[in-house]
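Novice: Okay, here's the prediction I keep looking at, along with the sequence it came from:
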Amino acid sequence: MSTENDPMAEIRASFFIECEELLEALQDSLQIMDDGAEDGETINVVFRAVHSIKGGAGAFGLDALVRFAHRYETVMDEVRTGRMEADVAALKVFFQCADHLSDLVRHSRDGGADPAEQSAALLTRLDALLGEEGGSAEPEPEPEIEFQPTGLTLDLAALDDAPMGDLSDLPDLPPLDRLPDLPALSGVKTYTLHFAPEPELFETGNEPFMLLRALQELGTAHVTCDTSRLPAQKDLIPEQPYLSWTIELETEAEESEILSVFEFVEGLCSLKLTGAGEDAGSSELPDLSPEILPAASPTPEPLKQAEPEPVSPAPPPAPTTPAIAPKAPPAKAAAANTPAAVKSVVRVDLDRIERLVNLVGELVINQAMLSQSLEDANLPPHGDAISGLEEFQRLTRDIQDSVMMIRAQPVKSLFQRMSRIIREASAAVDKDVRLHTEGEATEVDKTVIERLADPLTHMIRNAVDHGLETPADRIAAGKPSEGQVKLTAAHRSGRVIIEVSDDGAGINRPRVLQIAIDKGLIPADSQLSDSEIDNLLFLPGFSTASTVSDLSGRGVGMDVVRTAIQALGGRIAITSTPGKGTIFSISLPLTLAVLDGMVIDTAGETLVVPLNLVVETLTFCAEDVSMIRPGQHVVRVRGAFVPVVDLGAELGYRPPLSNFEGAVALLIAHENGSRAALLIDNILDQRQVVIKGLDDGFFRAPGIAAATILGDGQIALILDPSDIINNAAQPPQERLVGASA
Amino acid sequence: MSLNILAVDDSRTMRDMIRLALQPAGFTVHTADDGLHGIDVLDGIEPDAIITDINMPRMDGFGFIDAVRGQEQHRATPILVLTTEAAPELKARAREAGATGWIVKPFDPAKLVKALQMVAG
């Protein structure tokens, strides 16, 4: 990393990472408030997030960010102190501000389009909120005045120039006879200070000695200690200030500079500054038998002397809560909001992990080759070499799992982005929409998460735009006017299932069918099942909105979504119930790098089937198979009939089998629970294979997901059995359409 | 003069910056993420001065100062408050809680060093 040698750049980078975390906390807490589940801490989290972003931004001179955050913070402070109520309208603005804040952060980090224009609009809305509440209605002047961001320069060498920069070299206080020749100095003035501490000065941890020494730094100080109020020792209360000092200060410093020494003790002492005036050097040293500084403070350390007395050497009462204990989780969000602060985290460049992942991939191939050559060597099956290899396989798998875990990330960040999409989309079409999320902690490979953002955005927009009815229609249908969109993630049988569902009107199938026919996507006389009609949405160029709306009608259809999901090795399915809503279900592999595969043989071709889809393997008896129509067979598996798909024929390797006696098949499970028997010739092996993506340069053959290299160096295609089975289920004329998709 | 400093701030960026400002001046910097954590860390060290933020989760700066002042050996330990606001009422409140002084964020490293030397020698 190029930032390694520049501590400031590194802190800046880490500031932006922290900003992401703060923005996430901000979103979460606003969401909790929106759900009405906040407790007293929620608004504080919101306030602190904005506050911390402002604080950091100030240090880096990010003025625009500071200005916006400052005003946002001011409003949140009003809410925090109960002077303003966060009602629905206000929360809407807060959400928008949070979104904008995150835009500003990104702009500060990455450059690009300056979102400043929007700042002005949102600031106006924030001000309007303040105005309505009347709490602190007086419009703030320019916020910069109150909070002046100064770019932080870490020119530490400048310390040396500071008036009292390096006290470590502070010489012992000069004896009086070494006074510099005053007249020789121009601009030297003499001030007289009278300084008498109050008790509070000590209570705040201030120390007269330090102050006097700081004065000494400004010039030459003649310090006289007035000990007249000092009582007899027996009456002495160590924490009472008995001493006062008169200081004759000869300095070039201005009065303000002298007073700044006493900034922290202002009000905690009596301080009189008189004098000034050019000093010709004629002033006699005062007659008051001046004492130099160190001698002046025999007692100014009263607290320290007092300390040994109390008989409590025991450590202070421990805080009742151990510091590591997570804070009381705020209401409902608790489950998803495991405090991250407790974990210790290392930041690693993604490139390094990619490299590791690739190496593990190579290791898996290498191990497969080794295993192949051992097999070829005809070694005894229980020999050392074979069992050693098995151990090797186990280790390889463990390494691989661990590496994958490094890249795994909760989908939460992705879901949060979607909640913003919902807000923007619903505002654009004037619908009230509430987003529910579930399973935010589900971990998915980081690269998958990144590549899911676009398709998911599109699906969410679709749900808001097409899925949900207008508020009026909803009320007419007896539903609450506010539409619900649900986004869930879960691990299911080795895959990640992400669902986008809405409680809208469901797919209008007659209309979808009509549009597809009108656009010539399917023949006019097509007889399609409900689910086939639903799947028409995935055809290229399909758009159901009669007027292209601002939202989803950007020439991007669900076909693009499907292509993107397929590129991730995933599948997408639709379930729709008229009047109840639509569910889009995405099923993704956990990782893009390696899969457990069953190596099979069909018509002399070696192919790989993802093992997680194989429920069991079957050997047919002729009497179990029945033909339901020409070319379509079912097989009885434990009392249930399952469609038979002849793989060799589907892929065009050979004509369909006619005699099923003794044929081998894989029972394949769909995500939706349906099953099919995939007829193959032979099962060769079961092993991990490294997925090698087929470049865009290849025609995307339906049913083929990717390729891999086997142990003997042979290349084998990895199948997508669900795709094959779906294709097989379609009438032939449909297949053409499907293939061109 | 090498000072032993405890810096309490919930912002990692701010902790990093404090460290970056103070370490070159020869200070030893201990950090804590919030008030409660600060008290925990304080248990094992003897700081010459403490820097604390005000807005923090679990225990804020005021609570932290209060707790520190409640410990006999820290009744006079200098405590500087980091604040983004120079508002007089914030200063007054910090002082009431027992703070020695304050630093307005964003701070200038030289000023921070100077202020620490000012209160802690």
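Specialist: Thanks, I have it. Numbers count the residues shown, from 1 in each chain, chains lettered A, B, ... in the order given.

Novice: Please count neighbours and contacts with C-alpha atoms only from this point.
Specialist: Fine.

Novice: do you know how far the closest residue to A:Asp723 other than its chain neighbours is from A:Gln714?
Specialist: Nearest non-adjacent residue to A:Asp723, counting by CA to CA, 6 or more residues apart in numbering or on different chains: A:Gly703, 4.9 Å away. Look at A:Gly703 and A:Gln714: by CA to CA, to the nearest Å, they are 20 Å apart.

Novice: Counting neighbours, go ahead and name the busier of these two.
Specialist: A:Gly703 (20 against 9; other CA atoms under 10 Å in any protein chain shown).

Novice: quick one: the more buried one from A:Ser674, how far?
Specialist: With CA to CA as the criterion, A:Gly703 and A:Ser674 are 18 Å apart.

Novice: Show me what the helix or strand hosting B:Ala115 is packed up against.
Specialist: Counting by DSSP states H and E, the element that carries B:Ala115 is helix B:109-120. Other helices and strands packing on helix B:109-120, by 3 or more CA pairs under 8 Å, 6 or more residues apart in numbering or on different chains; DSSP states H and E, are helix A:208-218, helix B:12-22, strand B:49-53.

Novice: weakest of those in terms of mean pLDDT?
Specialist: Mean pLDDT values for these show the minimum at helix A:208-218, a mean of 80.

Novice: Give the pairing partners of the helix or strand just after that one; include direction for each.
Specialist: Remark: after helix A:208-218, the chain's next helix or strand is strand A:219-226, criterion DSSP H and E. Sheet pairing of strand A:219-226 (DSSP bridges) gives strand A:244-251 (antiparallel).

Novice: mean confidence for the helix or strand following the strand it pairs with?
Specialist: Counting by DSSP H and E, the element after strand A:244-251 in chain order, helix or strand, is helix A:255-261. The average pLDDT within helix A:255-261 is 79.

Novice: do the same with stretch A:692-709
Specialist: Mean predicted confidence for stretch A:692-709 is 75.

Novice: With stretch A:87-104 instead?
Specialist: 85.

Novice: what's the closest non-adjacent residue to the residue positioned nearest the centre of chain A?
Specialist: The residue lying closest to the centre of chain A (CA atoms, centre = their mean) is A:Ser413, at 4.4 Å. Of all residues not flanking A:Ser413 in the chain, A:Glu24 sits nearest, at 7.4 Å (CA to CA, 6+ apart).

Novice: Helix or strand with the lowest mean pLDDT in chain B?
Specialist: When each helix and strand of chain B is scored by mean pLDDT, DSSP states H and E, helix B:88-97 comes last, with a mean of 78.

Novice: helices or strands next to that helix in the packing?
Specialist: helix B:61-69.

Novice: hang on, the earlier thing: tell me which element the residue nearest to the centre of chain A is part of?
Specialist: helix A:412-429.

Novice: If the residue positioned nearest the centre of chain B is in a bridge, with which residues?
Specialist: Nearest to the geometric centre of chain B sits B:Ile51, at 0.9 Å (CA atoms, centre = their mean). When bridges are called by DSSP bridges, B:Ile51 pairs up with B:Ala7, B:Leu80.

Novice: so it touches B:Leu6, yeah?
Specialist: Yes - between B:Ile51 and B:Leu6 there is a contact at 6.1 Å, judged by CA atoms under 8 Å.

Novice: buried set for the helix or strand following the least confident helix or strand of chain B?
Specialist: Downstream of helix B:88-97, the next assigned helix or strand under DSSP H and E is strand B:101-104. Within strand B:101-104, the residues that count as buried by 16 or more other CA atoms under 10 Å in any protein chain shown are B:Gly101, B:Trp102, B:Ile103, B:Val104.

Novice: Please identify the helix or strand for the closest residue to A:Glu20 other than its chain neighbours.
Specialist: Spatial nearest neighbour of A:Glu20, excluding adjacent residues (CA to CA, 6+ apart): A:Ser102 at 7.9 Å. Using DSSP H and E, A:Ser102 sits within helix A:88-110.

Novice: Give me the contact list for that helix.
Specialist: Residues from elsewhere that reach helix A:88-110, judged by CA atoms under 8 Å, 6 or more residues apart in numbering or on different chains: A:16, A:19-20, A:23, A:26-27, A:30, A:34, A:62, A:64-65, A:68-69, A:72, A:113-115, A:118-119, A:122, A:125-126, A:129, A:420.

Novice: Among these, name the buried ones.
Specialist: A:16, A:19-20, A:23, A:26-27, A:30, A:34, A:62, A:64-65, A:68-69, A:72, A:119, A:122, A:125-126, A:129, A:420.

Novice: Mind checking which of those are in helices?
Specialist: A:16, A:19-20, A:23, A:26-27, A:30, A:34, A:64-65, A:68-69, A:72, A:119, A:122, A:125-126, A:129, A:420 (DSSP state H).

Novice: where in the chain is pLDDT low?
Specialist: Answering for chain A, as no chain was given. Scanning chain A for pLDDT under 70 picks out the ranges A:1-5, A:132-186, A:276-344, A:493-494, A:541, A:543-556, A:590-594, A:670-673, A:695-698, A:730-741.

Novice: you looked at the wrong chain, it should be chain B
Specialist: Residues of chain B that meet the cut-off, pLDDT under 70, sit at B:1, B:85-86.

Novice: A:Leu268 is nearest to which of the helices and strands packed on helix B:109-120?
Specialist: Among these, helix A:208-218 comes nearest to A:Leu268, with 11.2 Å by CA to CA.

Novice: Return the closest one as PDB; C-alpha atoms alone will do.
Specialist: The C-alpha trace of helix A:208-218 is given here as PDB (Å, rounded to 0.1, in the frame of the first residue of the first chain):
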ATOM      1  CA  PRO A 208       0.200  27.100  40.200                       C
ATOM      2  CA  PHE A 209       3.800  25.900  39.600                       C
ATOM      3  CA  MET A 210       3.000  25.000  36.000                       C
ATOM      4  CA  LEU A 211       1.400  28.400  35.400                       C
ATOM      5  CA  LEU A 212       4.300  30.300  36.900                       C
ATOM      6  CA  ARG A 213       6.700  28.200  34.800                       C
ATOM      7  CA  ALA A 214       4.700  29.000  31.700                       C
ATOM      8  CA  LEU A 215       5.000  32.700  32.500                       C
ATOM      9  CA  GLN A 216       8.700  32.200  32.900                       C
ATOM     10  CA  GLU A 217       8.700  30.900  29.300                       C
ATOM     11  CA  LEU A 218       7.400  34.200  28.000                       C
END
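
Novice: Who are the packing partners of it?
Specialist: By 3+ CA pairs under 8 Å, 6+ apart, helix A:208-218 packs against strand A:244-251, helix A:255-261, helix A:293-296, helix B:109-120.

Novice: which residue sits closest to A:Val496, ignoring its sequence neighbours?
Specialist: In space, A:Val496 is closest to A:Leu588, 5.0 Å off (CA to CA, 6+ apart).

Novice: can you give me phi and psi for that neighbour?
Specialist: phi -130, psi 150 (degrees, to the nearest 10).

Novice: Report the contact partners of it.
Specialist: A:Arg495, A:Val496, A:Ile497, A:Ile565, A:Leu568, A:Gly569, A:Gly570, A:Arg571.

Novice: rerun at 6 Å
Specialist: Contacts for A:Leu588 (CA atoms under 6 Å, 6 or more residues apart in numbering or on different chains) come out as A:Arg495, A:Val496, A:Gly570.
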